[in-house]
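1. pasting the structure only:
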């Protein structure tokens, strides 16, 4: 069996140009970003259907009484088969192509979830690499940012078959 999906956290200091570009694209402050993640899926891994936002206000990932409002992910490699991102409620399937970014709005500034944004990562046939950025409605609490780099291998709701 392949290992579970893995990710590596990037600090904003490691990729300042990228952070500035995401701020400009989304018209938000970097203080609203969760930690940036590089994610790797290997053969047989997938991410089951889910929403990136919550229903109502939540506290987590250094944010208090807020919610995710923007998701941006960028494919870091082209995958010839498998590994698509499927927004089934929208009838939209996106094939991974290096350099292509997907921006969607899973929640509103009023912190309600948009159920149309349910999506899944289809089963990978070959390695798939992504950069992921989650943006919250409100800025991160000042006392939370540690700036430490953290690399780890985790399940990420993936199912290994």
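-> Perfect, thanks for sending it. Since the model is a prediction, treat every value here as computed from it, not as a measurement.
2. where do the strands sit along the protein?
-> Assigned by DSSP state E, the chain shows strands spanning 6-10, 36-41, 45-50, 58-60, 63-66, 68-75, 85-87, 92-94, 101-104, 119-121, 128-136, 151-153, 158-160.
3. quick one: low-confidence parts of this structure?
-> Residue ranges of the chain with pLDDT under 70: 1-4, 143-161.
4. closest to residue 111 out of the strands of the chain?
-> Nearest of the strands of the chain to residue 111, taken as CB to CB: strand 63-66 at 6.5 Å. The C-beta positions use only the backbone N, C-alpha and C, and glycine is treated the same way.
5. What helices and strands are in contact with that closest one?
-> The contact analysis (3 or more CB pairs under 8 Å, 6 or more residues apart in numbering; DSSP states H and E) places strand 63-66 against strand 58-60.
6. center of this structure - which residue?
-> Among the residues of the chain, the one closest to the centroid is residue 132, at 3.7 Å (CA atoms, centre = their mean).
7. Now distance to residue 111 too, for the strands of the chain, in a markdown table please.
-> Output for the strands of the chain, formatted as a markdown table (distance: least, CB to CB, whole Å):
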| stretch | distance to residue 111 |
| --- | --- |
| strand 6-10 | 25 |
| strand 36-41 | 22 |
| strand 45-50 | 18 |
| strand 58-60 | 8 |
| strand 63-66 | 7 |
| strand 68-75 | 8 |
| strand 85-87 | 21 |
| strand 92-94 | 24 |
| strand 101-104 | 16 |
| strand 119-121 | 19 |
| strand 128-136 | 9 |
| strand 151-153 | 29 |
| strand 158-160 | 27 |
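8. can you tell which of these is closest to residue 28?
-> Among these, strand 128-136 comes nearest to residue 28, with 5.4 Å by CB to CB.
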